[in-house]
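# predicted coordinates and the sequence they were generated for:
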Amino acid sequence: MSKVRKLLANLGMSIISQGVILFLGFIIPRIIMISYGSDTNGLTSTITQIFTYMSLLEAGISQATRNKLFKPINEENKSEISYWMSVSRRYFRNISAIYFCAVAVLAAVLPFILNTNVEYWTIAFYILFEGLTSVVSFYFINTWVAFLTAKGDMYVVNSLTLFNKVLCYGVKIVLALLGLNIALIQVGYFAVSIIQVILYFLYMKKKYNWIDYSVSVKGAVLPDRRSYIITEIAWTIFSSTDMILLSIFVSTSMSSVYSVYNLPFVALNSLLNAVYCALSYNLGITYHEDIKKYMKVHDIFNSLFVGGMTVLMSVTYVLLIPFVKLYTKGITDVNYIYPILPLLFCLVQLLSWSRFVSGNLLGVAGRIKPSVKISVIEALTNLVLSLAFIQKWGIVGVLVATVAALPLKVIYCNYVSEKIIMKRSGIRTISILGINYLIFTATVIVNMFIDLNIDSYISFILYGMLIFSVIFVVSVLLNILVNRDLVNIKAIIKRKIL
């Protein structure tokens, strides 16, 4: 498959799979709130977030694996591919045992810590089977996913993920509508997820049966894997702090409020992240081919993804309160309307994406180890500020803490990527980030003078289309103004820079 066809296949499948998965993901919390109440929704959302971010612990191994596979894949060196795949599998299978122990501890301890009315054994079994799903993935699947991602075959990963998620969410929805205990719902989810292992096994056996996992890897290590793991642990602490602290110090009902506001951001972030993962292998491959070509690709990715997130956050800022009112209509067991939350949630995403491309470059260029301290400082800053602010400001406090902690690593990642790795002034990146921050700021100011009358999903969609169109056009024009390479994306692809 040619580079352009693979790029389009990855992009198309990413959008389709994430679109379907996110649609189903919107349905389930609403069903749980109606069937079981905000307390249970906050509980399940908190547990899901804990395991979503715990699963990021494998990302250190995945990223280290991908970085070692870029070169042999580019050179079609099968023996070296087999070697690093064997090393990766050994790491994943070792960490799966550690992860299982962590799951068992969480299942035993977490029910005592969370401020909820749900009974102990229900919480314990829910946690156990939520965690077992990730254990199975660690042990069997993640090495294959790392290989397919490095190879640029994200369309395969997304296709298999889509099939698995549709089945799993389908089971969850049916069992929830039947009113079964939430622990039994999670057992059904786990049972169906086993199918994904079988599908991956059959695909890899058919397409890549030549990979030899029996090669000797005694004493072999994945470079920087400890740095990646520490970084991911720090990101886990940073990312999962908010809902966990709310569930402990306030209530799981308030975590339900957080989860409802967070729904659109999870959806949009997942969609953009899927597109990024579908295309980002170009960054690793191009860096090892030609640094000058890479710089052009780096700037294009920055404009596309920071610009894309700016458009999405600007639209979301305007429409979030109307969405929450529609989504929680008829649910009165807790107050869901907090006008300040859209701004804080949007800032978290916008700042996070401001370091995505530069952070990726640190890994590809072998500069991840020096960044570990910054990741740890960021996580600790967020944790300390969250503990300080939650007592006084509750849900607002934990988000203010997150926003306050983010700029440190944004500045660090961009400084290192510009000055140390690419050895240039950084004016282009500053211009890209600056113009997008101005676009979002202008949206916030303009919205202060507008009162939208949205009382149905139809009016919500119509206003959304109108607002998106205006902000999209303005954003494209301004981003082209600071990065003229965006005009020539097609030509750049034809010249095989991508």
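That came in fine, so what should we check first? Numbering: from 1, shown residues only.
# tell me which helix or strand of this structure sits lowest on mean pLDDT?
Lowest by mean pLDDT, DSSP states H and E among the helices and strands of the chain is helix 489-494, with a mean of 50.
# the protein: strands as residue ranges?
In the chain, no segments count as strands under DSSP state E.
# what about Thr469, distance to Asp242?
Slight slip there: residue 469 is Ser, not Thr. For Ser469, the distance to Asp242 equals 32 Å [Cβ to Cβ, to the nearest Å]. For glycine as for every other residue, the C-beta is placed from the backbone atoms N, C-alpha and C.
# these two: who's more crowded?
A direct count of neighbours by other Cβ atoms under 10 Å for Ser469 and Asp242 places Asp242 higher, at 24 against 11.
# these two touch, right, the more buried one and Tyr258?
Yes. Assessed by Cβ atoms under 8 Å, Asp242 is found in contact with Tyr258 at 6.3 Å.
# contacts only, for the residue nearest to Asn181 when sequence neighbours are not counted.
Leaving aside its chain neighbours, Asn181 sits nearest to Thr122 (6.1 Å; criterion: Cβ to Cβ, 6 or more residues apart in numbering). For Thr122, the contact set (Cβ atoms under 8 Å, 6 or more residues apart in numbering) comprises 181-183.
# among those residues, which one sits closest to Gly397?
Using Cβ to Cβ, Ile182 comes nearest to Gly397 of the contacts of Thr122, at 28.7 Å.
# for the closest one, give me its contacts.
Counting by Cβ under 8 Å, 6+ apart, Ile182 has contacts 32, 36, 40, 44, 118, 122, 126, 176.
# show me where the stretch 51-200 of the chain has helices.
Using DSSP state H, counting those that start in this stretch, the helices of the stretch 51-200 of the chain run over 59-75, 78-113, 120-136, 142-151, 154-177, 182-207.
# CA atoms only: put the first one into PDB for me.
The C-alpha trace of helix 59-75 is given here as PDB (Å, rounded to 0.1, in the frame of the first residue of the first chain):
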ATOM      1  CA  ALA A  59       2.400   3.300  26.900                       C
ATOM      2  CA  GLY A  60       6.000   3.600  28.100                       C
ATOM      3  CA  ILE A  61       6.700   0.200  26.700                       C
ATOM      4  CA  SER A  62       4.600   0.800  23.600                       C
ATOM      5  CA  GLN A  63       6.400   4.100  22.800                       C
ATOM      6  CA  ALA A  64       9.900   2.500  23.400                       C
ATOM      7  CA  THR A  65       8.900  -0.400  21.200                       C
ATOM      8  CA  ARG A  66       7.700   1.800  18.400                       C
ATOM      9  CA  ASN A  67      10.800   3.900  18.500                       C
ATOM     10  CA  LYS A  68      13.000   0.800  18.100                       C
ATOM     11  CA  LEU A  69      10.800  -0.500  15.300                       C
ATOM     12  CA  PHE A  70      10.800   2.500  13.100                       C
ATOM     13  CA  LYS A  71      14.200   1.900  11.600                       C
ATOM     14  CA  PRO A  72      14.000  -1.900  11.000                       C
ATOM     15  CA  ILE A  73      10.500  -1.500   9.500                       C
ATOM     16  CA  ASN A  74      11.800   1.200   7.200                       C
ATOM     17  CA  GLU A  75      14.700  -1.100   6.200                       C
END
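# what helices or strands is that helix leaning on?
Using 3 or more Cβ pairs under 8 Å, 6 or more residues apart in numbering; DSSP states H and E, the elements in contact with helix 59-75 are helix 78-113, helix 142-151, helix 225-245, helix 281-289, helix 356-364.
# what's the closest of the ones you listed to Asp451?
Evaluated over those, closeness to Asp451 peaks at helix 225-245, with 29.7 Å, by Cβ to Cβ.
# quick check: which ranges of this protein have low pLDDT?
Within the chain, the segments meeting pLDDT under 70 span 1-4, 6-7, 11, 53-60, 223-240, 274, 277-282, 488-498.
# residue farthest from the centroid of it?
The centre of the chain is farthest from one residue, Ser216, which by Cα atoms, centre = their mean lies 34.4 Å away.
# name the nearest residue to Gln49, ignoring sequence neighbours.
Counting by Cβ to Cβ, 6+ apart, the residue nearest Gln49 is Met243, at 5.1 Å.
# give me the neighbour count for that neighbour.
26.
# might one say that it is in contact with Val260?
No. Using Cβ under 8 Å, Met243 makes no contact with Val260, being 11.5 Å away.
# got any residues that touch both of these two?
Counting by Cβ under 8 Å, 6+ apart, no residue touches both Met243 and Val260.
# please tell me how far the residue farthest from the centre of the chain sits from Arg89.
Distance, Ser216 to Arg89, by Cβ to Cβ: 13 Å.
# list residues touching both of those two?
In terms of Cβ under 8 Å, 6+ apart, Ser216 and Arg89 are not both contacted by any residue.
# how about the contacts made by the residue nearest the centre of the chain?
The centroid of the chain falls nearest to Ser270 when counting by Cα atoms, centre = their mean (5.3 Å). With contact set as Cβ under 8 Å, 6+ apart, Ser270 has these partners: 18, 21-22.
# tell me the one of the residues you listed nearest Leu486?
Closest to Leu486, out of all of the contacts of Ser270 and judged by Cβ to Cβ, is Gln18, at 23.4 Å.
# so where do the helices sit in the stretch 351-498 of the chain?
Using DSSP H, counting those that start in this stretch, the helices of the stretch 351-498 of the chain run over 356-364, 372-393, 395-405, 407-415, 427-447, 457-482, 489-494.
# mind putting the ones you listed into TSV with distance to Gly170?
Output for these, formatted as TSV (distance: least, Cβ to Cβ, whole Å):
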stretch	distance to Gly170
helix 356-364	32
helix 372-393	36
helix 395-405	32
helix 407-415	39
helix 427-447	37
helix 457-482	23
helix 489-494	38
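# closest one to Phe345 among these?
Closest to Phe345 of the helices of the stretch 351-498 of the chain, according to Cβ to Cβ: helix 395-405, at 6.8 Å.
# so what does the closest one touch, helix or strand wise?
Contacts defined by 3+ Cβ pairs under 8 Å, 6+ apart place helix 395-405 against helix 225-245, helix 252-279, helix 341-353, helix 372-393.
# can you redo those as CSV with distance to Pro322?
What follows is the helices and strands packed on helix 395-405, written out as CSV (distance: least, Cβ to Cβ, whole Å):
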stretch, distance to Pro322
helix 225-245, 23
helix 252-279, 11
helix 341-353, 10
helix 372-393, 24
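# show me the one of the ones you listed that comes nearest Ile61.
Of the helices and strands packed on helix 395-405, nearest to Ile61 by Cβ to Cβ is helix 225-245, at 5.8 Å.
# any residues touching stretch 449-456, and which ones?
Contacts for stretch 449-456 (Cβ under 8 Å, 6+ apart): 318-319, 322, 326, 459-460, 463.
# ugh, wrong one, stretch 46-54
Applying Cβ under 8 Å, 6+ apart, the set of residues contacting stretch 46-54 is 99, 102, 106, 110, 114, 123, 126-127, 130-131, 133-134, 235-236, 239-240, 243-244, 246-247, 252, 255, 259.
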